[in-house]
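Colleague: Kindly return the folded structure for what I paste below:
(one chain, ligands or ions: 2)
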Amino acid sequence: MGPELRDEVAARLRRVQQRLTPKRAAIVEVLAQAPRPLALPEILEVGDGLVQSSVYRNLVVLEQAGVVHRIVTAESARFELAEELTGHHHHLICTACGTVEDVPAASGLEASIADAVAQVEGETGFRTSTHRIDLVGLCRRCA
Ligand SMILES: [Zn+2]
Ligand SMILES: [Zn+2]
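Modeller: Residues are numbered from 1 along each chain as shown. Ligands and ions are numbered 1, 2, ... in the order given. Down below sits the predicted model:
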């Protein structure tokens, strides 16, 4: 991982009184390289010498520190780096095979969402900082 990402991850861990250990760095590296959110077995497959119980414990710490975001699906959880570290995007969640794909946030869609958000804020007084959109259904393979 680049020095910038490493510094930000370490800073977020410090805020919850934790350190960037070699194992945590290895997990962050696996997630940073992944083209989409990964399930625990996939993290173990890619990360050489990582042990399941230890990876799960460290994922929980990284999640508490705001480094990792957990996407809960019906079948299992998937993990990715938090949006603040990677960039805004949405997800396609397949209910048949459990795959989660990232989709870029298209500017037209973001503009429509901003309009809808402004309306909701006007009605409720809620102040929005971000949004999350997961489209749930069947992927091309399962459809
Ligand atoms: Zn599928
Ligand atoms: Zn968006």
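
Colleague: alpha carbons only for contacts and neighbour counts from here, please
Modeller: OK.

Colleague: Name the residues that touch the lengthiest helix in the chain?
Modeller: If each helix of the chain is counted by residues according to DSSP state H, the longest one is helix 107-124. Helix 107-124 has contacts (Cα atoms under 8 Å, 6 or more residues apart in numbering) with 126-128.

Colleague: Recalculate using a threshold of 10 Å.
Modeller: Residues outside helix 107-124 that contact it (Cα atoms under 10 Å, 6 or more residues apart in numbering): 125-128, 130-131, 133.

Colleague: For T73, state which of the residues you listed is nearest.
Modeller: Nearest to T73 out of these is I133 (Cα to Cα; 13.4 Å).

Colleague: residues near the closest one, how many?
Modeller: For I133, the count of nearby residues is 12 (other Cα atoms under 10 Å).

Colleague: for whichever strand or helix holds D7, which positions count as buried?
Modeller: In the assignment (DSSP states H and E), D7 maps to helix 3-15. By 16 or more other Cα atoms under 10 Å, the buried positions in helix 3-15 come out as 9-13.

Colleague: so which of these are also by ligand 1?
Modeller: When Cα under 5 Å from the ion is applied, no member of these is adjacent to ligand 1.

Colleague: Poorly predicted segments of this protein, please.
Modeller: Along the chain, no part satisfies pLDDT under 70.

Colleague: Spell out which parts of it neighbour ligand 1.
Modeller: 94, 97, 139, 142.

Colleague: Show me just the buried residues among those.
Modeller: The neighbour-count test (16+ other Cα under 10 Å) marks 94, 139 as buried among the residues of the chain next to ligand 1.
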